[in-house]
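> Dropping the sequence and predicted coords here.
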Amino acid sequence: KTMTTAEIREDFLRFFEAKGCKLYPSSSLVPDDPSLLLTNAGMNQFKEYYQGKKTMPEIGACSCQKCLRTNDIDNIGDATHLSFFEMLGNFSFGGYSKADAIAWAYEFITGPDHLGLPPERLYMTVFEDDDEAIELWHEQGVPYDHISRLGEKDNFWAAGPTGPCGPCSEIYFDQGEEFGCGGEHCGPGCDDCDRYLEFWNLVFTQYDRQEDGSLPELPHRNIDTGMGLERIAAIMQHKSTNYDGDLLQGLIGVGERLSGHTYGTDAARDRSLRIVADHARAVTFMIGDGILPGNEGRGYVLRRLLRRAVYHGRLMGIEGAFLGAYVEKICELMGDNYPAVVESRSLIDGIVAAEEERFGATLDSGEELLAAELDKLDEGATLPGDVAFKLHDTYGFPIDLTREICEAAGRDVDMDAFDACMTEQRERARASANRDAWGTFNDVWTALSDRLAATEFRGYDEDECPARV
Ligand code: ATP
Ligand code: MG
Ligand code: MG
Ligand code: MG
């Protein structure tokens, strides 16, 4: 059986509506919650229902939520992690029970009228001592050897450092032995391979973590589930990565057309095609929700994503501004479900184009400087690490591009020396950074500083003052 992204989204929401859950529209990527930088899960907009501050007359809710996760930045481009993604979810705030949630999840994924996934390829995990969940899955017909226990890292879920949280149970799809690492302990939750693909998380939200780390019980037992739409779409389309599903393929296609590269022919180009497809979507939806590029908080996340997209465009050989072509395609592919993006399209185009122009100029001057440095080198010499670092640190010129250009000129870069400079700089930054909250600005900064220059905003000074060389 195959289903499109649109069919899965529809079917999920109708299924849970029929169970009595009220359909809520996606909330904004800007959360109504000061403890959270960006919306990272379907449950965010329901926080006060979990806490008992609000009550819902219905037995629960369901939604398809726009999400943005900065903690996954390092993994963007792999098979399963996107920065922006859609999360299908069903929720209960003291309404329907854990038993219902498990029974309905199983009905939805295996039922012939719904996903119809083959039970022998499904694996469930539960939190350490959650025997109740094991029995509930078993009652659905899941054999015990398809149910395993995992610890806090995988099976205790929280949106952030404080707020509603609890033990969870996850559903994995076995993609087949050929995806396995062959390790002795390979199974759901394996860190070494993608054989078992996590696609749905059922959280039994029962605690409300406080600032001091304590875990008082919430006033009632709750349910919070999240299923990655891009992941389940890939599964339903017999594809092994998010990017091979119908929706993201459309964006990969834009990159292929602009760069002249065919997806699947070169690992590095493929990664750039994936990163640009992902980041372009994140940027489009962030601006659509009113975030503007800036030097801190959300605006900074947006600017970093935008610039990373631009330089990956260059890595693929795209010349000139190009993100507008992605924005157009995103409106075409997703406008039916997110009409606000189409309405803000001219604003998005304008902001994206302005950032592309500025950062493009930074890249141009970096390329000139690098060419001059290469000219100075003796035959066979490598580019010194401190030169690469200065390009990165002072001129905002990404190390990936430095390496790429050096390679084309038949030169190596002294990466050991470069890494040493980076480590030193990161330690300095860390010492002065105020690491206030998990998943916030500083984490993003650290994650991205490996690829984008820490001080690239000096590029603006260059526009205003004569270049300092
Ligand atoms: P992973 O272990 O793969 O990083 P997770 O455990 O962090 O995922 P959850 O917080 O449990 O993910 O989110 C619920 C569901 O949302 C996941 O099961 C997955 O289907 C989807 N999801 C989570 N993160 C991403 C992402 N970065 N890109 C795409 N889908 C995601
Ligand atoms: Mg994760
Ligand atoms: Mg996980
Ligand atoms: Mg999970």
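Done, it's in. Ligands and ions are numbered 1, 2, ... in the order given.
> hang on, residue 166 is in a helix, isn't it?
No: counting by DSSP: H, G, I helix; E, B strand; the rest coil, residue 166 is not part of a helix but strand.
> if I read this right, it contacts residue 155, doesn't it?
No: with contact defined as Cβ atoms under 8 Å, residue 166 does not count as touching residue 155 (9.9 Å). Any C-beta I mention is one placed from the backbone N, CA and C, and that applies to glycine too.
> What ranges does the stretch 151-300 of the chain have for its strands?
156-158, 163-174, 196-203, 207-209, 222-228 (DSSP state E, counting those that start in this stretch).
> Quick one: name the residues of this protein near ligand 1.
69, 72, 80-82, 85, 87, 157, 198-201, 226-228, 230-231 (Cβ under 6 Å from any ligand atom).
> from those residues, which would you call buried?
Buried by 16 or more other Cβ atoms under 10 Å: 69, 72, 80-82, 85, 87, 157, 198-201, 226-228, 230-231, out of the residues of the chain next to ligand 1.
> Please name the bridge partners of the closest residue to ligand 1 within the chain.
At 2.6 Å from ligand 1, residue 228 is the closest residue in the chain, using Cβ to the nearest ligand atom. Taking DSSP bridges, one obtains residue 87 as the residues bridged to residue 228.
> and residue 466, what pLDDT?
pLDDT, residue 466: 32.
> my read: residue 42 touches residue 226, true?
Yes: look at residue 42 against residue 226 with Cβ under 8 Å: they come within range, at 5.4 Å.
> can you map out the helices along the stretch 351-469 of the chain?
Remark: helices assigned in the stretch 351-469 of the chain by DSSP state H, counting those that start in this stretch are 385-395, 399-408, 415-432, 441-449, 458-464.
> my bad, should have said the stretch 101-250 of the chain
131-139, 152-155, 229-236, 246-259.
> and the longest one with helix 229-236, angle?
Right, helix 246-259. Counting by axes from the mean of the first three to the mean of the last three Cα atoms, to 10 degrees, helix 246-259 lies at 100 degrees to helix 229-236.
> neighbours of residue 387, just the number please.
21 (other Cβ atoms under 10 Å).
> Output the strands of the stretch 151-300 of the chain in a markdown table, with mean pLDDT appended to each entry.
Output for these, formatted as a markdown table (pLDDT from 0 to 100):
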| stretch | mean pLDDT |
| --- | --- |
| strand 156-158 | 95 |
| strand 163-174 | 97 |
| strand 196-203 | 98 |
| strand 207-209 | 95 |
| strand 222-228 | 98 |
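> Spit out the contact partners of the spatially most central residue of the chain.
Of all residues in the chain, the one closest to the mean position by Cα atoms, centre = their mean is residue 83, 2.3 Å from it. Each residue near residue 83 by Cβ atoms under 8 Å, 6 or more residues apart in numbering is listed here: 68-70, 72-73, 76, 278-279, 282, 305.
> possible to save those as JSON lines with pLDDT?
Putting those into JSON lines (pLDDT from 0 to 100) gives the following:
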{"residue": "68", "pLDDT": "97"}
{"residue": "69", "pLDDT": "95"}
{"residue": "70", "pLDDT": "83"}
{"residue": "72", "pLDDT": "81"}
{"residue": "73", "pLDDT": "77"}
{"residue": "76", "pLDDT": "86"}
{"residue": "278", "pLDDT": "97"}
{"residue": "279", "pLDDT": "97"}
{"residue": "282", "pLDDT": "98"}
{"residue": "305", "pLDDT": "91"}
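> I figured residue 259 hits residue 316, correct?
Yes: counting by Cβ under 8 Å, residue 259 touches residue 316, with 4.0 Å between them.
> Overlap in contacts, these two.
Common neighbours of residue 259 and residue 316 (Cβ under 8 Å, 6+ apart) are 269, 273.
> residue ranges with poor pLDDT in the stretch 301-450 of the chain?
Within the stretch 301-450 of the chain, the stretches with pLDDT under 70 are 432-450.
> residues in contact with residue 202?
101-102, 105, 168-171, 223, 225.
> Where helices are concerned, which of the contacts of residue 83 count?
Those of the contacts of residue 83 mapping onto helices are 278-279, 282, 305, per DSSP state H.
> Show me which of these are buried.
By neighbour count, with 16+ other Cβ under 10 Å, the ones in helices among the contacts of residue 83 hold 278-279, 282, 305 as buried.
> from the residues you listed, which is closest to residue 323?
residue 279 (8.9 Å; Cβ to Cβ).
> Disregarding residues adjacent in the polypeptide, which is nearest to that closest one?
Excluding the flanking residues, the one nearest residue 279 by Cβ to Cβ, 6 or more residues apart in numbering is residue 309, at 3.9 Å.
> what's the neighbour count on residue 302?
24.
> ugh, wrong one, residue 256
17.
> ok now do it, which residues does it touch?
Residue 256 neighbours (Cβ under 8 Å, 6+ apart): 262-263, 273.
> Mind checking which of those residues are buried?
When the contacts of residue 256 are checked for burial by 16+ other Cβ under 10 Å, the buried set is 263, 273.
> list the contacts for residue 292?
299, 302, 351.
> Same check on residue 2?
236-238 are the contacts of residue 2 under Cβ under 8 Å, 6+ apart.
> Tell me the one of the residues you listed nearest residue 95?
Once Cβ to Cβ is applied, the member of the contacts of residue 2 that ends up nearest residue 95 is residue 236, at 28.4 Å.
> helix/strand/coil for the closest residue to the closest one other than its chain neighbours?
Of all residues not flanking residue 236 in the chain, residue 3 sits nearest, at 4.4 Å (Cβ to Cβ, 6+ apart). Secondary structure, three-state DSSP: residue 3 is coil.
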